[in-house]
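1. pasting a predicted model and its sequence here:
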Amino acid sequence: MSLEQELVQRLQELSPNYLEVVNESSGHGGYFPGKESHFKAVIVSEAFEGLRLVQRHQLVYSAAGNLLSAGKIHALAIHAFLPSEWNGQDTSSPECAHAPKN
């Protein structure tokens, strides 16, 4: 199972109304085909009710567990919303300064 698939599976424990996990590794330095190191997760869930942003991120880190360790996921951009906050916001990631140049 790929890291992306494992991450999706683990984030399901947050009972998301909407979940999008994107492998953004190709936009970062040292990329090679198949590399899984940088991800973005957009999660809309009632599990975030009453939590501050840092607490929402901690909940996501807890769900991801050991996937966020050396040799696995290096970076995880988190966009965590309650259903009442989610309006299909733009969650685009900025370009990495070390991205491969075309």
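-> It's in. Every value quoted in this text rests on a predicted model; they were computed, and no experiment measured them.

2. mind checking how far Thr91 is from Ser69?
-> 25 Å (CB to CB, to the nearest Å). Yep, even glycine has a C-beta here, placed from its N, CA and C like the rest.

3. and those two? Which one has more around it.
-> Thr91 (14 against 10; other CB atoms under 10 Å).

4. mind telling me what element the more buried one is part of?
-> Per DSSP states H and E: Thr91 is located in neither a helix nor a strand.

5. touching, it and Val44? I think so.
-> No: when contacts are counted by CB atoms under 8 Å, Thr91 is not listed as touching Val44 (10.9 Å).

6. tell me the contacts of Leu82?
-> 44-46, 48-49 (CB atoms under 8 Å, 6 or more residues apart in numbering).

7. so what does the helix or strand hosting Ala63 touch, helix or strand wise?
-> Element membership of Ala63 [criterion: DSSP H and E] is helix 53-64. Judged by 3 or more CB pairs under 8 Å, 6 or more residues apart in numbering; DSSP states H and E, the packing partners of helix 53-64 are helix 3-11, strand 75-81.

8. save these as JSON lines, and put in distance to Val22 and mean neighbour count too.
-> Listed next are those as JSON lines, based on distance: least, CB to CB, whole Å; neighbours: other CB atoms under 10 Å:
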{"stretch": "helix 3-11", "distance to Val22": "8", "mean neighbour count": "17"}
{"stretch": "strand 75-81", "distance to Val22": "9", "mean neighbour count": "18"}
